[in-house]
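Enquirer: Provided below for reference: sequence and predicted model.
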Amino acid sequence: NNHKSDSRGALIVLEGLDRSGKTSQSSRLLSYLEGLGHSVESWRFPDRNTGVGQMISSYLANESQLDDHTIHLLFSANRWEKRSLMETKLRSGTTLIVDRYSFSGVAFSSAKGLDIEWCKAPEIGLLAPDLVLYLDIPPEKAAERGGYGGERYEQLEFQRKVAHSYQILRDGSWKTVNAWLPFDDVEKQLREMVLDSVTTCQKGKSLSKLWS
Ligand code: NYM
């Protein structure tokens, strides 16, 4: 194989509780990498723009009721419907900063009591991230930030369970950042980690699949 053709964009995922700062940090990272001249896009899951995404959105808004397993599979399907575009973008050299991914899927559903292995199963075969950034914040501190909307899951008691699920899911490859530090400090730490991953993927790194 020609190693030059292995150069690609990085798949970077931000995970964390609601109100941990993922969305704001994602957009900062996007501008940062753009400023350095990289090809980069900001994505998020759930992607509410697809048909499946609209079903998810109405569930989250409490406008529809779904069995816990059913909504879990919809979240997963929402990632599967974007999988091939994701691969095309990465191979064409575009870095993707993704706000939530399979780990949110497993963390939130298993926090409801679903079996963790069952939750992971539909994620098998999706692209594995090159970097998972965990924005770590105690649930109480996240709740103090206010701004929980009226959506499902946005309650302190449930967020505590999600935090516990994330703890079980986290492995040594995740990079954890203390997300209750001042925003600029968090941003600075994230920049370094992201740049490192982008450089590694540029040099050539094979794409792998979940769940590894
Ligand atoms: N969520 C998100 C899940 O329960 N499963 C998933 O697979 C994903 C991607 O949706 N509280 C939950 C976490 C959030 C909610 O996400 C909406 P956001 O980032 O607030 O739009």
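Expert: Received it, and whenever you're ready, just let me know what you need. Numbers count the residues shown, from 1 in each chain.
Enquirer: can you show me the helices along the chain?
Expert: For the chain, the helices defined by DSSP state H occupy 22-35, 51-60, 68-80, 83-91, 102-111, 116-120, 139-144, 156-169, 183-203.
Enquirer: any idea which of the ones you listed is most buried?
Expert: helix 102-111 (a mean of 24; mean count of other Cβ atoms under 10 Å). To be clear about C-beta, it is placed using only N, CA and C from the backbone, and glycine gets the same treatment.
Enquirer: that one: how far from the chain's middle?
Expert: When C-alpha coordinates are averaged (Cα atoms, centre = their mean, to the nearest Å), helix 102-111 and its chain have centres 11 Å apart.
Enquirer: ok, stretch 203-212 next?
Expert: On Cα atoms, centre = their mean, the centre of stretch 203-212 falls 16 Å from that of its chain.
Enquirer: got it, and stretch 184-199?
Expert: Taking mean C-alpha positions (Cα atoms, centre = their mean), stretch 184-199 and its chain are 16 Å apart.
Enquirer: may I have it exported as CSV, CA atoms only?
Expert: C-alpha atoms of stretch 184-199 as CSV (Å, rounded to 0.1, in the frame of the first residue of the first chain):
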residue,chain,number,x,y,z
ASP,A,184,-10.2,29.0,28.6
ASP,A,185,-8.1,26.4,30.5
VAL,A,186,-10.3,23.6,29.3
GLU,A,187,-10.0,25.0,25.7
LYS,A,188,-6.2,25.1,26.0
GLN,A,189,-5.9,21.5,27.1
LEU,A,190,-8.3,20.3,24.4
ARG,A,191,-6.4,22.2,21.7
GLU,A,192,-3.2,20.3,22.4
MET,A,193,-4.8,16.9,22.4
VAL,A,194,-6.7,17.6,19.3
LEU,A,195,-3.8,18.9,17.3
ASP,A,196,-1.8,15.8,18.3
SER,A,197,-4.4,13.5,17.0
VAL,A,198,-4.9,15.5,13.7
THR,A,199,-1.1,15.3,13.1
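Enquirer: residues in contact with it?
Expert: With Cβ atoms under 8 Å, 6 or more residues apart in numbering as the test, stretch 184-199 has contacts from 9-10, 12, 21, 25, 28-29, 32-33, 36, 38, 95, 97, 130-131, 133, 135, 175, 177-179.
Enquirer: mean confidence for that stretch?
Expert: Stretch 184-199 shows a mean pLDDT of 98.
Enquirer: picking that back up, save the helices of the chain as CSV, and put in distance to Gly16 too.
Expert: Formatted as CSV, the helices of the chain follow (distance: least, Cβ to Cβ, whole Å):
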stretch, distance to Gly16
helix 22-35, 5
helix 51-60, 17
helix 68-80, 16
helix 83-91, 21
helix 102-111, 9
helix 116-120, 18
helix 139-144, 8
helix 156-169, 8
helix 183-203, 11
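Enquirer: would CSV of these with distance to the ligand be doable?
Expert: Conversion of the helices of the chain to CSV gives the following (distance: least, Cβ to the nearest ligand atom, whole Å):
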stretch, distance to the ligand
helix 22-35, 7
helix 51-60, 6
helix 68-80, 3
helix 83-91, 14
helix 102-111, 3
helix 116-120, 9
helix 139-144, 11
helix 156-169, 8
helix 183-203, 17
